[in-house]
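Chemist: Output the structure for:
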Amino acid sequence: MNLIALQHVQVNVPPTMVPEVVVIIVGFGNAADVVLCLRALSRLRGGPGFDVFIAENGGPDAMDALLDALMGPDSPCAHPQDEPISSAPLSTAESVTFRLPRVDPGGDAVVHVLQMPENLGYAGGVNAWLRPLLDWPGWQAAWILNPDTEPTPTALFELAAYAARYGKGMVASRIISPTMRRGAHLCGLRWNKISSRTVSVEHPAQAILFGAPSDIEALMDAPDGASIYVARDLIERIGLMDERYFLYYEDLEWGFRAKALGELGYAHRARVAHKGGTTIGSSASRATRAPLAVYMEFRNRVLFVRERYPTWLRWALLIQLAHVACYLPAGSLRNMLAACRGLLAGLRGESGKPVEFLRTLEAPGTKSLHAADFPKFTGRAPVSAISPRPAAQR
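Modeler: Numbering: from 1, shown residues only. As a prediction, the model looks like this:
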């Protein structure tokens, strides 16, 4: 990789170059997905202007692979420019910038790519961009996208229009399958206290097209984390994503904070295709799921219930034991043990990076970690990272 051919720029963004929307993508060694997502973003039309901010969590090799892909023949991006173009307000880190030509006559977007100092996790990667961006005046909303999503051309227009029309600070998209776009669609997430787990709010396509969005909103507790449109003002009121949820539940917890203020909305015309499971190996099959994904799911259920529904904790533990037992007939003793360890970790109050469990995965005689097994969420947020800003700083 010839880094001399790339341009590193810093800080000092002219106010006239500030976009209306900042699109944030967190990657972990999945450059091909990021390229497809950027290509879909280049086709957006009719909506507000935007720039893209990518946090690469996969280390130097993943960063090199991503830069190679963005400079490759299949990339939707133009090569880095000879003259500086706008950069994010980072005082200590440098970002590599590309120009993203758009079909919309409103102007091209700028893509900022930044390698994280370590794997900060999904919420950590999002927050690594949002923190400095909150000191950058002018933008009005952030659009958090998974790297394996492909928004349809009017998705951003519909999200911004719905947020403005109905006064919603956090708006969910209609998540569709890349291969079955006329089938059942995912509208958002809901916590089921009886089954003690997150369930998807799903409806057939016709029901969504002709039903009232308010009916869907009444069922939702949070947007699906693959696509979250959130107003800057709401971020300043409810705080950033909670990085204690190393893997899973960070989108649900953020949505709970928005819903408590009556700010949760659903834009059923904003369609976003999502592959799912390309970063962490979160297969729907109990037997083939990555053990780390199983561990984090069970641990964070306990964390979530303890914080949001403490009186339901005993019931939740009983139900989780039943969920654990389901792994045995599925033929996955390894994942059954991972689920048990996750429950115990939750009871001990573990949050953030599961250091001990990661050590067992890296121990001699066990399968080594790679992008399909390692989660996209790591680290733990300091209290200041998830607390609302004081009014004087807004």
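
Chemist: Domain-wise, how is this protein divided?
Modeler: Domain segmentation of the chain under automatic domain parsing yields 6-279, 291-362.

Chemist: Would you reformat the ones you listed as a markdown table and include distance to Ser285 and mean pLDDT?
Modeler: C-beta here means a position set from N, CA and C on the backbone, and glycine is covered the same way. What follows is the domains of the chain, written out as a markdown table (distance: least, CB to CB, whole Å; pLDDT from 0 to 100):
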| stretch | distance to Ser285 | mean pLDDT |
| --- | --- | --- |
| domain 6-279 | 10 | 85 |
| domain 291-362 | 8 | 90 |
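
Chemist: now these as TSV including mean neighbour count?
Modeler: Shown next, in TSV, are the domains of the chain (neighbours: other CB atoms under 10 Å):
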stretch	mean neighbour count
domain 6-279	20
domain 291-362	18
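
Chemist: My guess is Leu343 contacts Glu297. True?
Modeler: No - between Leu343 and Glu297 there is no contact under CB atoms under 8 Å: 10.3 Å.

Chemist: Identify the contacts common to these two.
Modeler: When contacts are counted by CB atoms under 8 Å, 6 or more residues apart in numbering, Leu343 and Glu297 have no shared neighbour.

Chemist: mind listing the helices for the protein?
Modeler: 31-42, 60-71, 121-133, 155-166, 205-210, 213-219, 232-238, 250-260, 291-308, 313-325, 333-348, 355-362, 383-386 (DSSP state H).

Chemist: who wins for proximity to Gly225 among these?
Modeler: helix 250-260 (3.2 Å; CB to CB).

Chemist: From the contact counts, what lies against the closest one?
Modeler: Judged by 3 or more CB pairs under 8 Å, 6 or more residues apart in numbering; DSSP states H and E, helix 250-260 is in contact with strand 170-176, strand 185-192, strand 227-231, helix 232-238, helix 291-308.

Chemist: Measure how the longest one sits relative to strand 185-192, angle-wise.
Modeler: Helix 291-308 and strand 185-192 are oriented at 60 degrees to each other (axes from the mean of the first three to the mean of the last three CA atoms, to 10 degrees).

Chemist: Export the helices and strands packed on helix 250-260 to CSV and append columns for distance to Val34.
Modeler: Below are these laid out as CSV (distance: least, CB to CB, whole Å):
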stretch, distance to Val34
strand 170-176, 18
strand 185-192, 22
strand 227-231, 15
helix 232-238, 23
helix 291-308, 21
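
Chemist: quick check: longest strand of the chain.
Modeler: strand 264-274 (DSSP state E).

Chemist: Return that one as CSV; C-alpha atoms alone will do.
Modeler: Taking C-alpha atoms only, strand 264-274 is exported to CSV below (Å, rounded to 0.1, in the frame of the first residue of the first chain):
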residue,chain,number,x,y,z
LEU,A,264,-38.9,7.7,18.5
GLY,A,265,-40.3,7.6,14.9
TYR,A,266,-40.5,5.2,12.0
ALA,A,267,-40.2,6.3,8.4
HIS,A,268,-41.7,3.4,6.5
ARG,A,269,-40.7,4.8,3.1
ALA,A,270,-37.0,4.9,4.0
ARG,A,271,-35.8,1.5,2.9
VAL,A,272,-32.4,0.2,3.7
ALA,A,273,-31.2,-3.3,2.6
HIS,A,274,-29.2,-5.1,5.2
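
Chemist: Output the contacting helices and strands for it.
Modeler: Right, strand 264-274 is packed against strand 149-151, helix 155-166, strand 170-176, strand 185-192, helix 213-219, strand 227-231 by 3+ CB pairs under 8 Å, 6+ apart.

Chemist: tell me the angle of that strand relative to strand 170-176?
Modeler: Using the same axes, to 10 degrees: strand 264-274 against strand 170-176 is 30 degrees.

Chemist: Strand partners (parallel or antiparallel) of strand 264-274?
Modeler: Note on strand 264-274: by DSSP bridges, its sheet partners are strand 149-151 (antiparallel), strand 170-176 (parallel).

Chemist: Test my guess that Glu253 contacts Leu303.
Modeler: No - the pair Glu253 / Leu303 is not scored as a contact, 9.1 Å apart, by CB under 8 Å.

Chemist: residues bridging contact with the two, i.e. touching both?
Modeler: What both Glu253 and Leu303 touch, as defined by CB under 8 Å, 6+ apart, is the set Tyr245.

Chemist: Glu243 is in contact with Gly124, correct?
Modeler: Yes - using CB under 8 Å, Gly124 is in contact with Glu243, at 4.8 Å.
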